[in-house]
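Model the following, please.
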Amino acid sequence: MASFDLRGRTALVTGGFSGLGLHFARVLAAHGAKIALVGRRIDLGRSVAQDEAASVGRPAEVRAYEADVTDAASVGHAFDQASADLGVPVIVVNNAGTVMRGPSLDVTEDDWNAVVDVNLSGVFRVAQASARAMIKAGMPGTIINIASILGLRVRAQVASYAATKAAVVQLTKALALEWAEHGIRVNAIAPGYFETDINRDLLRSEAGRAILSRVPQKRAGTVSELDGPLLLLASDLSSYMTGAVIAVDGGHLVNTL
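Residues are numbered from 1 along each chain as shown. Coordinates of the predicted model:
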C-alpha cells in the first residue's frame, strides 16, 4: 500500500534556505527523501543544510545549491549539481517567490517585472528544468508549485503578486496536461494566511486581526498544517492526481462576500 515513505527519492526545494521552503524541506527529509536546498544566499543555505542533515542523521543527503530562479542557466546548473550528488530530483517544490505591496498606480515597470520574473517565469524555469531532467533519466516525478489563494481571489495593493499566482495556477494545469505522458505530475498548493517569521507581527496587529476575522476558522494557519497536502502530492498516494490546486486556507476562499 502506498505511503508517505520517500526513501530513495531526491527532493529539490527552491527558496529552501528559510521560511516555508525550509519547512517543506524538513518535512520531506523527515520522511526519508534526500534534499537539495536551492536559493541565492548560499552561505545561509550551507548552514541550514548542515543542521538539517545532522537532525535527520544522514550527513550526505541534505545539501545546498546556489541558484537564482530568474536565471535559466543558474537553475540548470543547480539541477546538474544536485543530480550528480544526490540523484535526479523526482520531487520538486517550486516555492521561491516575492511580493511587492503598494497602490497599483504607483507600481513601476521595474517593480512589476521583478515580481513576474520570480513568481511566474521563475516557476516555469524550475518546472522546465526539472521535467527535462526527469525525462532524460526516464524517471517519473512530481512537481509541486506553491501558488496562493490570492491567485484565486484578490486583495488590494498586491496586483502583481495576485496576477502571477493566478498565472501559476493556470501554468500548473497546462504543464500537467503536457507532461502526463512522461509520468510527470504537476499540482499546486494554494496557501492562505500562515504565521511565519516574516508576517507574525502583521498578523498579530489590529490590521492582521481584521484580515483573520474573514477566515471562517478565525485564525492563521500553522506551517505544520501544510504538511498533509505536501506529503500527499510528493508521494505515490496522489498517483492519480495532476493539474490539481489544493487550497489550505481555513475556509477563506468560501467566506461570505
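
Could you use CA atoms for every contact and neighbour count after this?
Will do.

Read off the pLDDT value for Thr196.
Thr196 carries a pLDDT value of 84.

distance of it from Phe24?
Taking Cα to Cα, to the nearest Å as the measure, Thr196 falls 13 Å from Phe24.

neighbour-wise, which of those two wins?
The residue with more neighbours, out of Thr196 and Phe24, is Phe24; 24 against 15, by other Cα atoms under 10 Å.

Touching, that one and Pro229? I think so.
No - at 10.7 Å, Phe24 and Pro229 do not qualify as touching, with contact defined as Cα atoms under 8 Å.

got the contact list for Leu22?
13, 15-16, 37 (Cα atoms under 8 Å, 6 or more residues apart in numbering).

Now pLDDT, neighbour count and distance to Leu86 too, for the residues you listed, in a markdown table please.
As requested, those are exported to a markdown table (pLDDT from 0 to 100; neighbours: other Cα atoms under 10 Å; distance: Cα to Cα, whole Å):
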| residue | pLDDT | neighbour count | distance to Leu86 |
| --- | --- | --- | --- |
| Val13 | 98 | 27 | 13 |
| Gly15 | 96 | 26 | 18 |
| Gly16 | 96 | 29 | 16 |
| Leu37 | 98 | 30 | 11 |
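
Among those residues, give me the pair with the biggest separation.
Gly15 and Leu37 (7.6 Å; Cα to Cα).

any idea how far Val223 is from Leu22?
Val223 is 11 Å from Leu22, by Cα to Cα.

Assign the residue nearest to Gly102 when sequence neighbours are not counted to helix, strand or coil.
Leaving aside its sequence neighbours, Gly102 sits nearest to Gln157 (Cα to Cα, 6 or more residues apart in numbering; 4.7 Å). For Gln157, the assignment made with DSSP: H, G, I helix; E, B strand; the rest coil gives coil.

which phi and psi does Gln157 have?
Gln157 adopts backbone torsions of phi 70, psi 20, taken as degrees, to the nearest 10.

Phi first, then psi, for Thr98.
Taking degrees, to the nearest 10 as the convention, Thr98 sits at phi -150, psi 160.
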